[in-house]
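**Q** just a sequence and a predicted model for now, questions to come.
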Amino acid sequence: MKTVDMNSAEFQEEFVKTEKFAHKVCEQFNWTFNPDEEIVERVLKGLTNNKVLYGKRFCPCFVVEEKEGKFVSVDNRICPCKPAIEKEIPEDGVCHCGIFCSKEFVENYESSHPHEHKEVEGLSVAELENILQKEQILGEELEILLKARDKGLVDFKLIDIREPFENQMARIKGTDKLLPISRVQYDLDEWMKLKDERIIIYCHVGSRSAYLQRALEQQLGFEKVGNLTYGIAQYFGDIERG
């Protein structure tokens, strides 16, 4: 399986082209970039990665599959995607991946991204277990669970299913493993070791991890998989880099 080296000349040259492409998209649709520069950088690198690997700037938040010898996005998401143009930005102010947004979204950014979080204190073990049993877990809930795990109150594995370059750029502190969704068929033995454990998986905004969650449950019989609903993009706890 081909992998991409972010430090290679090929990637760097394509990244410059992707940046120019993204600026043209903003001009064409009168959009602007997300004020969170880390989100913009992660998505730009994801678009570049897909361009180098698959020949098209598939949205990095959706799974790319090979069908009949051609690479296709699960939701036909090629940047700038139709759902972003017709629905997401007009209605929500921001596209699914978070790179493009309306000017109104930027004006309301601070109120749209609260940075106060719940603490683990005051929650019983039973209440913590109830959170852990959920199939869809919010960022603030994961913060609580990680604090509780540090205190030995709950037990689970946190799995990053993004690509290695995304993990290197930023990952949730407390992540136990990196098992990219693009390599599931190659890492199947590693996944099967986790089948009987409680696991929480995450990606950039929750789409790839939701897709994998369904596959693990329906195809491999997993019964203890939680998905970080809005991904690392909406997680305001501790982040590690490098």
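**A** Nice, I can see it.
**Q** please make it C-alpha for all contacts and neighbour counts, starting now.
**A** OK.
**Q** can you map out the helices along the chain?
**A** 9-29, 37-54, 82-83, 89-92, 103-107, 109-112, 125-132, 139-150, 164-169, 188-192, 207-220 (DSSP state H).
**Q** what would these look like in CSV with mean pLDDT and distance to residue 67?
**A** Rendered in CSV, the data for the helices of the chain read as follows (pLDDT from 0 to 100; distance: least, CA to CA, whole Å):
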stretch, mean pLDDT, distance to residue 67
helix 9-29, 96, 25
helix 37-54, 94, 12
helix 82-83, 94, 21
helix 89-92, 95, 30
helix 103-107, 88, 37
helix 109-112, 62, 39
helix 125-132, 91, 36
helix 139-150, 94, 34
helix 164-169, 94, 24
helix 188-192, 96, 21
helix 207-220, 96, 17
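**Q** let me see the backbone angles for the residue positioned nearest the centre of the chain.
**A** With distances taken as CA atoms, centre = their mean, the residue of the chain nearest its centroid is residue 204 (1.5 Å). Torsion angles at residue 204 (phi, psi; degrees, to the nearest 10) stand at phi -80, psi -60.
**Q** correct me, but it touches residue 61?
**A** Yes: with contact defined as CA atoms under 8 Å, residue 204 reaches residue 61; the gap is 6.5 Å.
**Q** any common contacting residues for these two?
**A** residue 97 (CA atoms under 8 Å, 6 or more residues apart in numbering).
**Q** hmm, back to that, contacting residues for the residue nearest to the centre of the chain?
**A** Residue 204 sits in contact with 61, 97, 162, 230, 231, 232, 233, where contact means CA under 8 Å, 6+ apart.
**Q** find the nearest non-adjacent residue to residue 178, please.
**A** Nearest residue to residue 178 in three dimensions, chain neighbours excluded: residue 160, at 4.8 Å (CA to CA, 6 or more residues apart in numbering).
**Q** so what's the one you found bridging to?
**A** With DSSP bridges as the criterion, residue 160 is bridged to residue 178, residue 202.
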